[in-house]
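Q: here is a sequence with its predicted model. Questions after.
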Amino acid sequence: MLDPRVMDPTQELISRDDYTVEDLDQIVEVMEAMRRWRTVERKLNDASRQYMQLGENDMRAVRYMIAMQRNGTLATPSDVARHLGITTASVSKMVDRLVAGNHVERLPHPQDRRSTALQVTEETQAIARQSVGHNHALRFHAIGSLSADERTAVIKFFDAFAATGEPGAQ
């Protein structure tokens, strides 16, 4: 239950003085919708990772490498490390797992012979396209069905919501 009238009846955390009952009902409805989305998103991500036998960072790395490939560039281990915010040593271990799982191939870098390029296998790309790509397309069309003003409101909401997780947020 995400209703502050139940969770915070003394208004210690959330003052409700400026909200009507209808406002509160709608705010709770938005919070519940977000909870439903997080639950579905978690299930989708877990199912994709489990099907592909990948960890969370592995999946993020594969998505990044696929995006790079689709834009005509092969990622390097350093690129992946920067993208994920982890060390190159961690990426090296990850790439070893991805290669062993036949998800990624190491290739000589086409422009820099001293460097290694990473290429996602066709099979892994196809699996990602079927699972992750299909769901992404559905979400894209759901957002596309909104008016420009509605999308602006959603962007404003998500930006404000993301800011609540920043250090020092009040």
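A: That came in fine, so what should we check first? Quantities reported herein were computed from a predicted structural model and do not represent experimental measurements.
Q: what segments of the protein are strands?
A: Secondary structure of the chain (DSSP state E): strands at 104-108, 116-120.
Q: can you list the buried residues in the first one?
A: If I follow you right, that is strand 104-108. Under the neighbour-count criterion of 16 or more other CB atoms under 10 Å, strand 104-108 has Val104 buried. Backbone N, C-alpha and C define where each C-beta goes, glycine included.
Q: residue numbering should commence at 43 henceforth.
A: With the count now opening at 43, the last piece we talked about shows up as strand 146-150.
Q: on contacts alone, who are the packing partners of it?
A: Packing partners of strand 146-150 (3 or more CB pairs under 8 Å, 6 or more residues apart in numbering; DSSP states H and E): helix 130-142, strand 158-162.
Q: and the strands of the chain as TSV, adding mean pLDDT?
A: Formatted as TSV, these follow (pLDDT from 0 to 100):
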stretch	mean pLDDT
strand 146-150	95
strand 158-162	96
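Q: closest one to Arg105 among these?
A: Arg105 sits nearest to strand 158-162 of all the strands of the chain, at 9.2 Å, using CB to CB.
Q: which other residues reach that closest one?
A: With CB atoms under 8 Å, 6 or more residues apart in numbering as the test, strand 158-162 has contacts from 104, 107-108, 111, 116-119, 122, 137, 145-152, 170.
Q: buried subset of those?
A: Using 16+ other CB under 10 Å, the buried ones in the contacts of strand 158-162 are 104, 107-108, 111, 116-119, 122, 137, 145-146, 170.
Q: among those, which lie within helices?
A: Using DSSP state H, the members of those that fall within helices are 104, 107-108, 111, 119, 122, 137, 170.
Q: now do the most centrally placed residue in the chain, the pLDDT please.
A: Closest residue to the average C-alpha location of the chain: Arg102 at 8.0 Å, with CA atoms, centre = their mean. pLDDT, Arg102: 92.
Q: okay but it is in contact with Leu126, surely?
A: Yes: counting by CB atoms under 8 Å, Arg102 touches Leu126, with 6.0 Å between them.
Q: could you check how far Gly97 is from Ala131?
A: Distance, Gly97 to Ala131, by CB to CB, to the nearest Å: 16 Å.
Q: same question for His145.
A: 19 Å.
Q: what's the answer for Ala195, then?
A: As judged by CB to CB, Ala195 and Ala131 stand 44 Å apart.
Q: all set, thanks.
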